[in-house]
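# What follows is a protein structure lacking sequence information:
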């Protein structure tokens, strides 16, 4: 088998690994949303336990990518994809951390009456799931325009974060006894807002991979 075919086989394996990691992260985020909606601490604990799996997937992808770069010495567009794979794995791991943070919030607040603002956290996380799915599809299809569309969904997350912040700050002024719980919601909302930023970074990396140029999205 010639060197090009070997490289393509290894590249396809890495693409499959990225898809598997993204699917796991999306599933964990979806579980965290369900746990939040149903006040389900047990389901939230499943998400926190899964963090080690996601971390292991990142390390495996990074190790395998490093080996491919060292042994196959890709250039031009092939090298850009290798770099993109490394960045995707890192961003997906961080997104997984934000899913874990949401799950920990569910555990902390379990047993307490839900705030109306929790619905905004649900919407932010659900949009995050959609962004992950669309961004990975854009990567696998090598589609820069699809990456731009996936990143544009971050505006929905930002809008919900702004609305939640205003609601919760108002609540804290009127009901100081809720400050601790409200602060937790604000922090979690900030985590989900950054989740959207990480997916936007993924989309920017995809555009660089496909077009060979840097493009800032959602400025």
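The structure has been received and is ready for your questions. Just so we're clear, the structure is a prediction, and the values are computed from it rather than from any experiment.

# who's in contact with the residue most central in space within the chain?
Nearest to the mean C-alpha position of the chain, by C-alpha atoms, centre = their mean, lies residue 95 at 3.3 Å. Residue 95 makes contact with 25, 29, 128, 132, 195, 198, 199, according to C-beta atoms under 8 Å, 6 or more residues apart in numbering. All C-beta atoms are positioned from the backbone trio N, CA, C, and that covers glycine.

# Same check on residue 203?
Residues near residue 203 by C-beta under 8 Å, 6+ apart: 135, 138, 147, 148, 150, 151, 217.

# can I assume residue 51 is in contact with residue 93?
No: Residue 51 lies out of contact with residue 93 (C-beta atoms under 8 Å); the separation is 9.2 Å.

# For the residue nearest to the centre of the chain, pull up the helix or strand it's in.
Using DSSP states H and E, the element containing residue 95 is helix 76-109.

# So what's the gap between whatever helix or strand comes next after that helix and the chain middle?
Reading on from helix 76-109 to the C-terminus, the next helix or strand found by DSSP H and E is helix 118-140. How far helix 118-140 lies from its chain's middle: 8 Å, per C-alpha atoms, centre = their mean, to the nearest Å.

# Give the other helices and strands that helix 118-140 contacts.
Packed against helix 118-140, as judged by 3 or more C-beta pairs under 8 Å, 6 or more residues apart in numbering; DSSP states H and E, are the following elements: helix 3-38, helix 76-109, helix 144-152, helix 154-174, helix 179-211.

# show me where pLDDT drops low in the protein?
Within the chain, the ranges that satisfy pLDDT under 70 run 1, 113-116, 219.

# what about residue 16, neighbour count?
Applying other C-beta atoms under 10 Å, we find 11 other residues in the vicinity of residue 16.

# no no, residue 40
The burial metric for residue 40, expressed as a neighbour count using other C-beta under 10 Å, is 18.

# One more: the one 10 residues further on?
By other C-beta under 10 Å, 19 other residues sit near residue 50.

# Neighbour count: residue 51 and residue 93, which is higher?
A direct count of neighbours by other C-beta under 10 Å for residue 51 and residue 93 places residue 93 higher, at 20 against 16.

# wait, the more buried one sits on residue 58?
Yes: proximity of residue 93 to residue 58 meets the contact threshold set by C-beta under 8 Å, at 4.3 Å.

# picking that back up, of the contacts of residue 203, keep whichever come out buried.
135, 138, 147, 148, 150, 151 (16 or more other C-beta atoms under 10 Å).

# can you redo those as TSV with distance to residue 177?
Formatted as TSV, the buried ones among the contacts of residue 203 follow (distance: C-beta to C-beta, whole Å):
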residue	distance to residue 177
135	41
138	46
147	45
148	45
150	41
151	40
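
# which two in those are spaced the farthest apart?
Within the buried ones among the contacts of residue 203, 135 and 148 form the most distant pair, 10.4 Å apart (C-beta to C-beta).

# Now do the residue nearest to the centre of the chain against residue 101, distance only.
With the distance defined as C-beta to C-beta, to the nearest Å, residue 95 ends up 11 Å from residue 101.

# before we move on, what about residue 58?
Separation of residue 58 from residue 101 (C-beta to C-beta): 17 Å.
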